[in-house]
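>>> fold the stuff below for me.
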Amino acid sequence: MLQLKNLTIESPLFLAPMAGLTHTVLRRLIMAYGGMGLLSTEMLAATKLPRENAEISPYLVRSAVETPLSYQLLVCRVEDLGPAINALHGLRADAVDLNLGCPAPFVRRMGAGSKLMESPAKVRALVAEARRLTSLPLTAKIRLGEDLDEAKLRDFCLMLEGEGLDLLTVHARLRGEAFCRKPRWQWVGKVKEWLTIPVVANGGIFSVDDARKCLAESGADGLMIGRAAAIKPWLFAEIAREVYGASIPAPEVRLPVLYLEFVRILIESFLPERQLGRLKEFTHYFAKNYAFGHQLASAVQPSHSVAEARERALAFFVRNDPDNVPVGVDD
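Sure, this is the predicted structure:
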């Protein structure tokens, strides 16, 4: 359990913000299994957020079960924080997260994400202003930097804490390192030693065994799971039970049922033009559960509608997982 201001986080497991993935559909699937501590939105552009319609925006649609929910801001100018944080207050956000780690080229060209780590004075101003504007828990997510510079990283992290951050998540890779590179969990341990606020480890956690190894190397106060959440939405429940001893049922997983539930919630939650792309993005990761999952992803990718994608997916399940296809569902 973690306490951030007035927010009690029952499980030290966090969902990572991921473009095209961390929306209401995936969050609801995860919550159905249990074990979650703090959910997240996708990164939200501070300049656009105040104009978004929360009733229909795929970035903001939220059901009652999605709590607590952190909203991540992509911001590079102090003057954009006021309207954005006011919008988050109106949305009843449970926490505000600052994106200081995204390495995507288009984000860096904006001067945001990991680009901000090159300008500590600018980050100081952003964090100080965000802290002034909200009494909600204020968190941030970073990478380790451009290179392994311990003094530079230490000064940066201490500055964040000094300006009022309540929790820091560290993606344990350098800015230019790809996901295939083994994460440097021991460097999260360095950050943990420097700070008094909670430190959460992120990167390379795809199983209960990974979770144990990460905690052993980092001593982190919690774990943030990203891509694995889309592959195994039940992973939070497994880790909560087997690593943290949570008293929750062992997850019962039937992959075709889970996929069809994703499709159902997708249709229920989003406008038609917002559905297919998100189904294809989810399928890319979910398909990794099967030995020949590339066939599932390849079948869904050329689909022109959600109905067509669902039909193609069902045909794959009938061939590869017939015992778990729901009775009464036609291929």
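
>>> alpha carbons only for contacts and neighbour counts from here, please
OK.

>>> and the next element down the chain from the worst-scoring helix or strand of the chain on mean pLDDT?
None of the helices or strands of the chain scores lower by mean pLDDT, DSSP states H and E than helix 105-109, at a mean of 91. Heading C-terminal from helix 105-109, the first helix or strand you meet, by DSSP states H and E, is helix 120-133.

>>> which parts of that next one are buried?
For helix 120-133, the neighbour count (16 or more other Cα atoms under 10 Å) marks 120, 123, 124, 126, 127, 128, 129, 130, 131 as buried.

>>> show me what it is packed against.
Counting by 3 or more Cα pairs under 8 Å, 6 or more residues apart in numbering; DSSP states H and E, the packing neighbours recorded for helix 120-133 are helix 81-90, helix 150-162.

>>> between it and helix 81-90, how many degrees?
40 degrees (axes from the mean of the first three to the mean of the last three Cα atoms, to 10 degrees).

>>> so what's the gap between helix 120-133 and the chain middle?
Remark: helix 120-133 is offset 23 Å from the chain centroid, using Cα atoms, centre = their mean, to the nearest Å.

>>> what of stretch 89-105?
Its chain's C-alpha centre and that of stretch 89-105 lie 10 Å apart, by Cα atoms, centre = their mean.

>>> next: stretch 193-203.
Worked out by Cα atoms, centre = their mean, stretch 193-203 lies 17 Å from the chain centre.

>>> please, which helix or strand holds the residue nearest to residue 205 when sequence neighbours are not counted?
Sequence neighbours aside, residue 211 is the residue nearest to residue 205 in space, at 5.8 Å (criterion: Cα to Cα, 6 or more residues apart in numbering). Using DSSP H and E, residue 211 sits within helix 208-218.

>>> now do residue 256
Element membership for residue 256 (DSSP H and E) is helix 255-269.

>>> in that helix, what's buried?
255, 256, 259, 260, 262, 263, 266, 267, 269.

>>> on that earlier part again, can you list the buried residues in the least confident helix or strand of the chain?
Those would be 107, 108, for helix 105-109 by 16+ other Cα under 10 Å.

>>> repeat that for stretch 302-317.
With the criterion 16+ other Cα under 10 Å, stretch 302-317 contains buried residues 303, 305, 306, 309, 310, 311, 312, 313, 314, 315, 316, 317.

>>> what does stretch 202-219 give?
Neighbour counts over stretch 202-219 (16+ other Cα under 10 Å) mark 202, 203, 204, 205, 206, 207, 208, 211, 214, 215, 218, 219 as buried.

>>> check contacts around the last one.
Meaning residue 219. 188, 189, 192 (Cα atoms under 8 Å, 6 or more residues apart in numbering).

>>> format the residues you listed as a markdown table; extra columns: neighbour count, distance to residue 95 and pLDDT.
Below are these laid out as a markdown table (neighbours: other Cα atoms under 10 Å; distance: Cα to Cα, whole Å; pLDDT from 0 to 100):
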| residue | neighbour count | distance to residue 95 | pLDDT |
| --- | --- | --- | --- |
| 188 | 27 | 22 | 97 |
| 189 | 22 | 24 | 97 |
| 192 | 22 | 21 | 98 |
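
>>> just put the residues you listed in JSON lines and tack on distance to residue 101 and secondary structure.
JSON lines is the format used below for those (distance: Cα to Cα, whole Å; DSSP: H, G, I helix; E, B strand; the rest coil):
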{"residue": "188", "distance to residue 101": "14", "secondary structure": "helix"}
{"residue": "189", "distance to residue 101": "18", "secondary structure": "helix"}
{"residue": "192", "distance to residue 101": "17", "secondary structure": "helix"}
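
>>> what's residue 224 sitting at in phi/psi?
phi -110, psi 130 (degrees, to the nearest 10).

>>> identify the bridge partners of it.
residue 14, residue 202 (DSSP bridges).

>>> identify the residues contacting stretch 146-157?
117, 120, 144, 145, 174, 175, 176, 191, 194, 195.

>>> swap in 7 Å and give it another go.
For stretch 146-157, contacts defined as Cα atoms under 7 Å, 6 or more residues apart in numbering pick out 120, 144, 174, 175, 176, 191, 194.

>>> filter the residues you listed to the buried ones?
120, 144, 174, 175, 191.
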